[in-house]
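1. here is the input, now give the coordinates:
(one chain, ligands or ions: 1)
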Amino acid sequence: MRVCKKCGVEKPEEAFLVNHRTAGLPDIDQPCHECKRENRRLYYQKNRNKAYIQNVESRNRNRYRYNEARNNRQSRLVRDLSDEYIKNLLCNDGMKSEVLKIYPELIENRRMQIKVKRLLKSIRDAI
Ligand SMILES: [Zn+2]
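-> I've put the predicted structure just below:
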């Protein structure tokens, strides 16, 4: 347990982020994760333009890493037939997202269609 310097609440170690600068040792000057998140939110509100430019610059500097992370995420969504991916497919076919909220079984139906299609393809490829 550790007391946060900002909010003064005693919290378990997990509520504090590991500081890699101190090689994993507790950095007692750091506020808890929640306080840090709040600080970031306030900073972003006050410095919206500056933060936006910093984000864009960071993305450009680390373009390769950003692209790789985005591509990995996208392939995971496609491979696992996530709700997000299937909703996108349906919306690209002209389905309204409000309709999908009322009839979530449409997502499940489409998922089954894709599963059958993939199964048939794998059988065809095996022959
Ligand atoms: Zn705190």
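
2. going forward, measure contacts between C-alpha atoms and count neighbours the same way
-> Will do.

3. phi and psi next, for C4.
-> phi -70, psi 130 (degrees, to the nearest 10).

4. okay, now it: neighbour count?
-> 21 (other Cα atoms under 10 Å).

5. how near is L100 to L106?
-> 7 Å (Cα to Cα, to the nearest Å).

6. let me redo that: V78
-> Counting by Cα to Cα, the gap from V78 to L106 is 17 Å.

7. pLDDT weak spots in this structure?
-> 24, 26 (pLDDT under 70).

8. give me the domain ranges for it.
-> Domain assignment for the chain, taken from automatic domain parsing, gives 1-46, 81-127.

9. for the ion, find the nearest of those domains.
-> Closest to the ion of the domains of the chain, according to Cα to the ion: domain 1-46, at 4.1 Å.

10. reformat the domains of the chain as a markdown table; add distance to the ion.
-> Shown next, in a markdown table, are the domains of the chain (distance: least, Cα to the ion, whole Å):
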| stretch | distance to the ion |
| --- | --- |
| domain 1-46 | 4 |
| domain 81-127 | 34 |
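
11. got a markdown table for those domains, with distance to E57 too?
-> Below are the domains of the chain laid out as a markdown table (distance: least, Cα to Cα, whole Å):
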| stretch | distance to E57 |
| --- | --- |
| domain 1-46 | 16 |
| domain 81-127 | 28 |
